[in-house]
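1. sharing a sequence plus its predicted fold:
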Amino acid sequence: MQERIEHLRKIYQAIGDAAAIARRHPDAIRLVGVAKHKPASLIREFRRAGLVDIGESYVQEFLDKYEELKDDAIEWHFIGHLQSNKVKYIIDKVQWIHSVDSVKLAEEIQKQAEKQNVARINILLQINLGGEESKSGTGPDEATALYRAVKGFDRLAVCGLMAIPPFLEPEAVRPYFRQLRELRDRILREEQADPRLFSELSMGMSNDFDVAIEEGATMVRLGTILFGER
């Protein structure tokens, strides 16, 4: 256990160092541990070491782990592509859905939240910054329209934006992080969104989280650097 505590401390120190460079408070950045293909036993070890937020990408894998870990006070983030017909299985178990990329998906989340008596669920709008066909997400030019279409759903708290930019060297990906921040700020300005609610930027992974933090990330999704290679 001491080994997990020390490893987690080093990760938080790296987050703090990046925040200091950007003159930001480290408490403004949430560490989401991406546990895809990692066993529930490892997640439990890190939870006991102090990690609260866990991200999963596949519905069935998440459900299996949830059953084993449902008493461990984990804040669950669904970060993978989510099909509308799978929403009903996770709606009452996750606190965050990072990958809302269409009105259709938002409507299904609203519908299932009503059906299963989930008062509010935090969502992020996924933006495909690089126009990559292999990745989900709405285009930057459609982001405002998507926000406008879903902001009134009473079961959804539209908390910000998420992106998985092209896999490049950290400095090469910096413009994409900056673009996401500027897009959030534009929606705040043009749509008069509540800055206390629409504030999150889920961006940055193991190879580039420090640059993402410098560009305004409020959530970094770390897998390899935290849990090891898959």
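-> Cool, the structure landed. Numbers count the residues shown, from 1 in each chain.
2. now do the strands in this structure.
-> Per DSSP state E, the chain carries strands over the ranges 30-34, 53-56, 75-78, 96-100, 121-127, 156-163, 200-202, 219-222.
3. partner strands of the longest one, with direction?
-> Each strand paired with strand 156-163, and its direction, by DSSP bridges: strand 121-127 (parallel), strand 200-202 (parallel).
4. just checking, Ile54 touches Gly33?
-> Yes. Applying CB atoms under 8 Å as the test, Ile54 and Gly33 come out as touching, 5.3 Å apart. Every C-beta, even on glycine, is put in place using the N, C-alpha and C of the backbone.
5. so where's this protein uncertain?
-> Along the chain, the parts satisfying pLDDT under 70 run over 230.
6. can you rerun that using 90?
-> By pLDDT under 90, the low-scoring segments of the chain are 1-4, 129-136, 165-168, 170, 228-230.
7. sorry, back to before: same list, the strands of the chain, but as a markdown table with distance to Arg4 please.
-> Below are these laid out as a markdown table (distance: least, CB to CB, whole Å):
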| stretch | distance to Arg4 |
| --- | --- |
| strand 30-34 | 11 |
| strand 53-56 | 14 |
| strand 75-78 | 18 |
| strand 96-100 | 23 |
| strand 121-127 | 27 |
| strand 156-163 | 27 |
| strand 200-202 | 24 |
| strand 219-222 | 14 |
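8. go ahead and confirm Ser102 touches Thr138.
-> Yes. Using CB under 8 Å, Ser102 is in contact with Thr138, at 6.9 Å.
9. what sits in contact with each of the two?
-> Common contacts of Ser102 and Thr138 (CB atoms under 8 Å, 6 or more residues apart in numbering): Leu146.
10. contact partners for Ile29?
-> 15, 19, 213, 217-220.
11. likewise for Asp101?
-> 125-126, 128, 136-138, 146.
12. let's see 6 Å
-> Residues near Asp101 by CB atoms under 6 Å, 6 or more residues apart in numbering: 126, 136-138.
13. and the helices in the protein, which stretches?
-> Secondary structure of the chain (DSSP state H): helices at 2-21, 40-49, 59-69, 87-90, 103-115, 143-150, 170-190, 209-214, 224-227.
14. can you tell me which of these is most buried?
-> Counting by mean count of other CB atoms under 10 Å, helix 209-214 has the highest mean neighbour count of the helices of the chain, with a mean of 24.
15. identify all contacting residues around that one.
-> 18-19, 21-22, 29, 170, 174, 177, 203-204, 220.
16. would you turn these into JSON lines with distance to Lys70?
-> Shown next, in JSON lines, are the contacts of helix 209-214 (distance: CB to CB, whole Å):
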{"residue": "Ala18", "distance to Lys70": "33"}
{"residue": "Ala19", "distance to Lys70": "32"}
{"residue": "Ile21", "distance to Lys70": "38"}
{"residue": "Ala22", "distance to Lys70": "36"}
{"residue": "Ile29", "distance to Lys70": "27"}
{"residue": "Pro170", "distance to Lys70": "36"}
{"residue": "Arg174", "distance to Lys70": "39"}
{"residue": "Phe177", "distance to Lys70": "34"}
{"residue": "Met203", "distance to Lys70": "29"}
{"residue": "Gly204", "distance to Lys70": "28"}
{"residue": "Val220", "distance to Lys70": "25"}
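17. Ile187 and Ile127, how far apart?
-> 11 Å (CB to CB, to the nearest Å).
18. now do Ser206
-> For Ser206, the distance to Ile127 - CB to CB - is 20 Å.
19. the two: who's more crowded?
-> Ile127 (26 against 15; other CB atoms under 10 Å).
20. quick one: that one from Leu168, how far?
-> From Ile127 to Leu168 the distance is 17 Å (CB to CB).
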